[in-house]
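**Q** Next one to model:
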Amino acid sequence: MCKEGNGAGEGSGAPGAAEGAGKGLSLEKGGSGGTLWLCTGSVLFLGGNEVKSCAVVKYSSAPPQAAFARLQEKTDLKLPPANWLRESAKLGPAGTTILGNSKKSKPFSSFGMAYDFIDSVGNDVDVVSDSENIKKLLKIPYSKSHVSMAVHRIGRTLLLDELDIQELFMRSSQTGDWTWLKEFYQRLIDQKWQRKKKSKEHWYQKAILSKFLYYSINGDGAAQPVPSTSKQHQEGPVAGESDEAGRASWPAPFEMPSSLSEDPGASNQGNVPLEPSYLVGHVASAPREQNLSPLFNDGESSQGLKNDFVRNILWTFEDIHMLVGSNMPIFGGGRYPAVSLRLRDNNKPINVLTGIDYWLDNLICNVPELVMCFHVNGIVQKYEMIKTEDIPNLENSNFSTKVIKDIAQNILSFLKSNCTKEGHTYWLFKASGSDIVKLYDLTTLCEETEDKYQNPFTMPVAILLYKVACNMMLKKNQNKKHYGTIRTLLLNCLKLLDNGRHPQIIASANYMLSELFQLDEPKKEDSADFPINGNSDESYSEEEEEMPDSDENGSYSNSSDPPDDNKAVAIIKSVGELSVPEKYKSVHRIRPSCAFPVCHGTEERCRLVLNHVLEGLKSVDSSVKKEGDLPAADPSTPIPLKYEDESTSGGPESLEKQMALFLDKMGSFQKGKHSSQSGMIPGSWQYKMKLQLILKSSRAYYVLSDAAMILQKYGRALRYIKLALQCHDTYCCLCGSMLPEVLVFLCQCLTLCGDIQLMLAQNANNRAAYLEEYNYQTKEDQEILHSLHRESRCQVFAWATDLSTDLEYQLSVSCKCYEAAYEILLFSNLKSQNPEQHIQVLKRMGNIRNEIGVFYMNQAAAVQTERVVSKNVSTTEQQLWKKSFSCFEEGIQNFESIDDATNAALLLCNTGRLMRICAQAHCAAEGDFKREFSPEEALYYNKAIDYYLKALRSLGKRDVHPAVWDSVNWELSTTYFTMATLQQDYAPLSRKAQEQIEKEVSEAMMKSLKYCDVDTVSERQPLCQYRAATIHHRLASMYHSCLRNQVGDEHLRKQHRVLADLHYSKAVRLFQLLKDAPCELLRVQLERVAFAEFQMASQNSSAGKLKTLSGALDIMTKTKGAFQLIRKELVAETEQDKSPAESMSVNDSSAGLNKEEVLKLLGIFESRMSFLLLQSIKLLTSSKKKIGSEEEAALRTNKQVYSLLLRATANKGLSLLERTELLLSLLEQLAPRGQGSPGLQ
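**A** From the prediction side, this is the model:
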């Protein structure tokens, strides 16, 4: 951190800039002989004014400075020293530059620094420039000299370079270039322009200064031979030559370096100077030196883009951060560890301009002391030591440091407010002797007259914009918040470039633009983690309007400018204004238009990506001259997307062959085979860039397909995944070796393709709409396809992406897609590295095999339904069973391999269902004549039971997945129940004894009850209760039947009687819980009455018979609940007849009532009730004993009810509802006192 002190080098311990050179600190910028210097700060107190200054040497090519040699008086500086213009071991290779003999600053010096310290550009630094330019700007109010500078904006950074108009126009006179600017200059500024030659005095002063500095080197002066001028540039103005050589620093309006003057032909493809763009997304973790190879090779020097400064300093002056280049000689030997040497003519007093010059040089280089040598006509007179903070107070050179600070802040504000357009070259100009400073936009002026490449700054600016963007992209930890900035940099870069001249940079910039959009994180665009669309200082406008002046002083309003100045962007009407504190406030504000574009959906984001990818592909393709060898293709002609129907698809058999060919080709990719139809050379920039662009387009199409899938636009989804796989096919054709992440992505594409084909199969009703979506193509997609077809036929994945109308084929394609993805994971050894992907593929394989198995199973069931009853099982059915079983078995293995117990259980359940269909097929083959439960049926039902039990074992317990557990239990219960029912109804008496059949039926029924959960509350609970009630009813009926038919074993008869009574009771209890089974309840109660009658027939005593009769009548009275339900439904039906408008709802409620069955049951009920009442009356009246009051009351009631019942049955005109209501009233009378009206609940 910078420290604030009371002087430039507070105390003898304060290290100067030069002192740190010997500390051995690490380099910030690579290069031989460079040294990082410590930051020291100085706070100067001059005349009550405080100025803050802090300098950090970022890079220095100078060795540790030697102490200066104090020359003796009367030394003649006109005589050259022995070591003059020779290399010195003490000064190192930069010696001649340090001693002021290098050529003057090049017009692109700020760009050279910006390239070397790319991290600082756009964000941290306000100004990048030569220290001479900084000094010239800060001296504007004091000087009458002309000022001519080029200004460029990169983010918040301004690059300042000297724009030598005289040199430029000399070139114009020789070549005819820049005539537009020369004419403009003569018309508006200097009508009588002529070349101004420098005086002899100028060269004389330079020569004695150079000799003085060489004399001042402490040593024996031994000189080495003078090195060649090409290396050290020491020849030049010092040797008294004209400055013709200086003109070489100006490039032609458009002279590209060899590395960038890309011949579109393939001959130049081996030249790969530009790496970062297509490496950004994939090797960003590699060292930066590997990623950011230079944009320019040896051609750099011809463009003046090298950083030739001896030292680069990060100078903070008040709140202004500047990256400054300096060549000032620094020596040791004064009271401080670092001093600057100056030579002054004793006859000429120091003026303000010289004082400011010395003071600023020392501040910038953080030198605490100035050593001044005075001479008269080249003869040394004396030396004088001056502290840096004392310079502003020298006689004849008084100036206010506060005023200098105000000038700096005002100039920066003026430039930042008006140099708003990135990529534009601005010209800051003040004519000699004038007080007016004008700012012109040369880019706009140039475009009005000639082509933009007449501006020699176009290329360096474009490259710098690109480099800054690339550098920001590589900062993975923070680049998201800078995306708006990066995008603006790249778009402005592209505006400056011509596709025919710079295809490589254009392709690279477009690829980086496509990388800004996060395809793999579609849901994070609204995240608050990083303000992509925030109006932060890191963003700035891509097309920034010139904001009207909001300064209250009207500092640079153009309203009253003379008409001749209408070309100026802004004007400072008097240089005196620059000294007024805060006269110019920066009104440039960041506007949201610069922010990263808000994408309102995945499709919009992907389309932006594809647009940039297409531009990149066009640039690559245009640079490869092989188009004559390719068949002519019209980009406006759609490339047909193959459409399959049943007649041509060839079915799953041809699919197997295509799949085998695909896997064979994938194997060849792994072995490193590749080919390009367009003739691109592997390793060339075109080759590398096209690979990355193709992969990016493939990812964009994948995301589009996934989004369409979510929207259930399956035709569109298939079209996009087809395009993604076609891109991948081309990538495979070009790429020598497949990266693991690319193979994983291919697996994802094939998996998604399988999903889409499955959804198309499941939604066959909308096939016409899907076909229309599938065949639609945008022009952008067509052009990308044409670029792909330059390299490959794009047919490797055709088997996976055709839209078929055949359901079986679609399911097979889906399965093959998953299998292909699985095979790729296997043979590329990616299974262990991508466990999640592996699990997903196996899950989908299990699922599709279940779907195909169900498809074949349903087909088998349909064939069985259509078969003639007596016909045997057909071969077709058996083949379908085998196919279905095979699919289920493979699916079960898939799920078991990833320990997916739930899905494995579901497939086992489906296999059980298949076994039941097989059993039903054998059942139907027998016909109903003399029908018996066959061994084949028993075999398949038992197999089904085995599969259901395996499913339960797979789940382990209900908690794993309650719904699946309940479903398997229900199916198992159903299978046992069906088998028991068939054995009971179609008893195989020809093979088994009655007792054995009854035993097997009883066991099967009890097992069915075991798996029938009547207690758990669920949607299936009423079904379970009905099933359990039916089972109890059937068992009771079976034992009742056994009891009737059995003779002999009294113990067995008693057991059957108890069991029948038990099951009847349970059946009644369960049926009473149900509100929609009154007929079943009535039937069970009637069977119980019949069971009582059967028992009464075997009784001899009147008392016993009377007791049994009483019990039977009690059962009769308990049927009231069933009759109430019947009456309710009949009443609802009657109301429906009266109100037709409500017919729908009423119809729904009474749909379950079978009137024929009710009539039949009613008839039986009336007859049995009549019989029981008659027998009761007979027994009570024939009793010899005197009956009690209760029996007498019962006799009266029975007689009355019997009488009413006889009349009712005699009346044939009663409706069903009336008969029901009558029976309810009779049952009410029969009910014993104290019993509630609803009957048994």
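
**Q** For Gln833, list the residues it contacts.
**A** Contact partners of Gln833, counting by CB atoms under 8 Å, 6 or more residues apart in numbering, are Pro740. (C-beta placed from N, C-alpha, C; glycine too.)

**Q** one more time with 10 Å
**A** If you count contacts by CB atoms under 10 Å, 6 or more residues apart in numbering, Gln833 has them with 740-741, 744, 825.

**Q** Please save the CA atoms from the helix or strand that Val151 is a member of in CSV.
**A** For Val151, the element it lies in under DSSP states H and E is strand 147-154. Extracted C-alpha coordinates of strand 147-154, given in CSV (Å, rounded to 0.1, in the frame of the first residue of the first chain):
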residue,chain,number,x,y,z
VAL,A,147,-1.1,19.9,-28.7
SER,A,148,-2.1,17.0,-31.0
MET,A,149,-3.1,13.7,-29.4
ALA,A,150,-5.1,10.7,-30.4
VAL,A,151,-7.6,9.5,-27.7
HIS,A,152,-9.2,6.0,-27.6
ARG,A,153,-11.6,4.7,-25.1
ILE,A,154,-11.5,1.1,-23.8
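
**Q** Counting only helices, which of the contacts of Gln833 make the cut?
**A** When these are checked against helices (DSSP state H), the matches are 740-741, 744, 825.

**Q** Kindly confirm whether my reading is correct that Gly433 touches Ser145.
**A** Yes: Gly433 lies in contact with Ser145 (CB atoms under 10 Å); the separation is 8.6 Å.

**Q** Number of residues surrounding Thr876?
**A** 12 (other CB atoms under 10 Å).

**Q** Going by neighbour count, which of the contacts of Gln833 are buried?
**A** Burial by neighbour count, 16 or more other CB atoms under 10 Å: within those this picks out 744, 825.

**Q** need the contacts of Gln833 in JSON lines with distance to Ser619 and pLDDT, can you?
**A** Below are these laid out as JSON lines (distance: CB to CB, whole Å; pLDDT from 0 to 100):
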{"residue": "Pro740", "distance to Ser619": "29", "pLDDT": "84"}
{"residue": "Glu741", "distance to Ser619": "25", "pLDDT": "86"}
{"residue": "Val744", "distance to Ser619": "29", "pLDDT": "88"}
{"residue": "Leu825", "distance to Ser619": "35", "pLDDT": "86"}
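
**Q** Mind picking the two most distant members of the contacts of Gln833?
**A** For the contacts of Gln833, the maximum inter-member distance is 12.9 Å, found between Glu741 and Leu825 (CB to CB).

**Q** any shared contact partners between the two?
**A** 833-834.

**Q** re earlier: ok, so of the ones in helices among the contacts of Gln833, who is nearest Lys722?
**A** Among those, and counting by CB to CB, the member closest to Lys722 is Val744, at 20.0 Å.

**Q** what separates that closest one from Ala707, distance-wise?
**A** Distance of Val744 to Ala707, given as CB to CB, to the nearest Å: 20 Å.

**Q** I figured Asp899 hits Gly846, correct?
**A** No: counting by CB under 10 Å, Asp899 stays clear of Gly846, with 12.0 Å between them.

**Q** Those two: which has the busier surroundings?
**A** Gly846 (26 against 8).

**Q** how about low-confidence regions in the stretch 701-850 of the chain?
**A** Regions of the stretch 701-850 of the chain meeting the criterion pLDDT under 70 cover residues 736.

**Q** Which residue ranges of it form helices?
**A** Under the criterion DSSP state H, counting those that start in this stretch, helices of the stretch 701-850 of the chain are mapped to 714-734, 740-762, 767-775, 779-789, 798-801, 807-827, 835-866.

**Q** Which of those helices sits closest to Arg1053?
**A** Using CB to CB, the nearest of the helices of the stretch 701-850 of the chain to Arg1053 is helix 835-866, at 43.3 Å.

**Q** Report the buried residues of the closest one.
**A** Judged by neighbour count (16+ other CB under 10 Å), helix 835-866 contains these buried residues: 837-838, 840-857, 859-861, 864.

**Q** Likewise for stretch 1011-1026?
**A** For stretch 1011-1026, by 16+ other CB under 10 Å, it's 1011-1014, 1020, 1023-1026.

**Q** Repeat that for stretch 737-751.
**A** The neighbour-count check on stretch 737-751 (16+ other CB under 10 Å) flags 738, 742-751 as buried.

**Q** Same check on stretch 755-772?
**A** Under 16+ other CB under 10 Å, the buried positions of stretch 755-772 are 755-761, 767, 770.

**Q** With stretch 378-387 instead?
**A** Buried, per 16+ other CB under 10 Å, within stretch 378-387: 378, 380, 386-387.

**Q** which residues of the stretch 401-550 of the chain fall in strands?
**A** Ranges of strands in the stretch 401-550 of the chain, per DSSP state E, counting those that start in this stretch, are 426-430, 437-441.

**Q** got these as CSV, with mean neighbour count, distance to Gly112 and mean pLDDT columns?
**A** Formatted as CSV, the strands of the stretch 401-550 of the chain follow (neighbours: other CB atoms under 10 Å; distance: least, CB to CB, whole Å; pLDDT from 0 to 100):
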stretch, mean neighbour count, distance to Gly112, mean pLDDT
strand 426-430, 24, 20, 89
strand 437-441, 22, 24, 89
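
**Q** and those as a markdown table, adding distance to Met979?
**A** Output for those, formatted as a markdown table (distance: least, CB to CB, whole Å):
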| stretch | distance to Met979 |
| --- | --- |
| strand 426-430 | 94 |
| strand 437-441 | 93 |
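
**Q** So which of these is nearest Ser397?
**A** Of those, the one closest to Ser397 (CB to CB) turns out to be strand 426-430, at 22.5 Å.

**Q** when you compare where the closest one runs with where strand 147-154 runs, what's the angle?
**A** With axes from the mean of the first three to the mean of the last three CA atoms, to 10 degrees defining the directions, strand 426-430 sits at 160 degrees from strand 147-154.

**Q** Could you check how far strand 426-430 is from the centre of its chain?
**A** 46 Å (CA atoms, centre = their mean, to the nearest Å).

**Q** What residues sit buried inside the strand or helix carrying Tyr204?
**A** According to DSSP H and E, Tyr204 maps onto helix 200-215. Judged by neighbour count (16+ other CB under 10 Å), helix 200-215 contains these buried residues: 203, 206-215.

**Q** Next, format those residues as TSV and append pLDDT and distance to Asp308.
**A** As requested, the buried residues of helix 200-215 are exported to TSV (pLDDT from 0 to 100; distance: CB to CB, whole Å):
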residue	pLDDT	distance to Asp308
Trp203	85	22
Lys206	85	18
Ala207	86	22
Ile208	88	24
Leu209	87	20
Ser210	84	18
Lys211	85	23
Phe212	87	23
Leu213	85	18
Tyr214	85	20
Tyr215	86	25
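
**Q** Name every strand pairing with the strand of greatest length in the chain and say which way it goes.
**A** Longest strand in the chain, counting residues (DSSP state E): strand 49-60. Within its sheet, strand 49-60 is paired with strand 40-46 (antiparallel), strand 311-317 (antiparallel), according to DSSP bridges.

**Q** do you know how far Glu162 is from Leu519?
**A** In terms of CB to CB, Glu162 sits 46 Å off from Leu519.

**Q** can you check Gln996 too?
**A** 70 Å.

**Q** Which of those two has more residues huddled nearby?
**A** Leu519 (19 against 12).

**Q** Next up, the contacts around that one.
**A** 602, 605-606, 609, 696, 699-704, 706.

**Q** Any chance of a markdown table for those residues, columns distance to Leu138 and neighbour count?
**A** Shown next, in a markdown table, are the contacts of Leu519 (distance: CB to CB, whole Å; neighbours: other CB atoms under 10 Å):
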| residue | distance to Leu138 | neighbour count |
| --- | --- | --- |
| Thr602 | 53 | 20 |
| Arg605 | 48 | 22 |
| Cys606 | 51 | 26 |
| Val609 | 47 | 25 |
| Lys696 | 48 | 24 |
| Arg699 | 52 | 22 |
| Ala700 | 51 | 28 |
| Tyr701 | 57 | 27 |
| Tyr702 | 57 | 25 |
| Val703 | 54 | 21 |
| Leu704 | 56 | 25 |
| Asp706 | 59 | 22 |
